[in-house]
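In: pasting the structure only:
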């Protein structure tokens, strides 16, 4: 195994050259996010009318409203949007997964105890 490690590392470096890692999301209008096999454009809006970040998928776009005070604190704005997007994805994943579980529960005639959505380490 040790003798193949240099070959493996070389091949991994070649793969990195072919497909560089994606740029980190800035969560700015115009960027795209994946959802159910499609990519949806983001529209971000800083407004006084919201107290916390609000995410909605509306007419083919992610509409992300955030408190206007975050306009001048880019790091905090990105973190707040990212955290709310994770919550949004988790909520919608629960719905979609439970629909699938229900469908296959009937077909397979099984009763799962529960379904848990975990945050996986990257």
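Out: That came through fine. Note that the structure is predicted; figures quoted are calculated from it, not measured. Numbering: from 1, shown residues only.
In: which of the helices or strands spans residue 26?
Out: Assigned by DSSP states H and E, residue 26 falls within no helix or strand.
In: mean confidence score for stretch 5-20?
Out: Per-residue pLDDT over stretch 5-20 has a mean of 84.
In: list the buried residues of that stretch.
Out: For stretch 5-20, a neighbour-count test (16 or more other CB atoms under 10 Å) marks nothing as buried. Where C-beta positions appear, they are placed from N, C-alpha and C, glycine not excepted.
In: one more: stretch 77-92?
Out: 77-78, 80-81, 84-85, 88.
In: ranges for the helices of this structure?
Out: Taking DSSP state H, the helices of the chain run over residues 5-18, 74-108.
In: worst average pLDDT in those?
Out: Sorting these by mean pLDDT places helix 5-18 lowest, at a mean of 85.
In: could you identify the longest strand within the chain?
Out: Secondary structure assigned by DSSP state E gives strand 38-47 as the longest strand of the chain.
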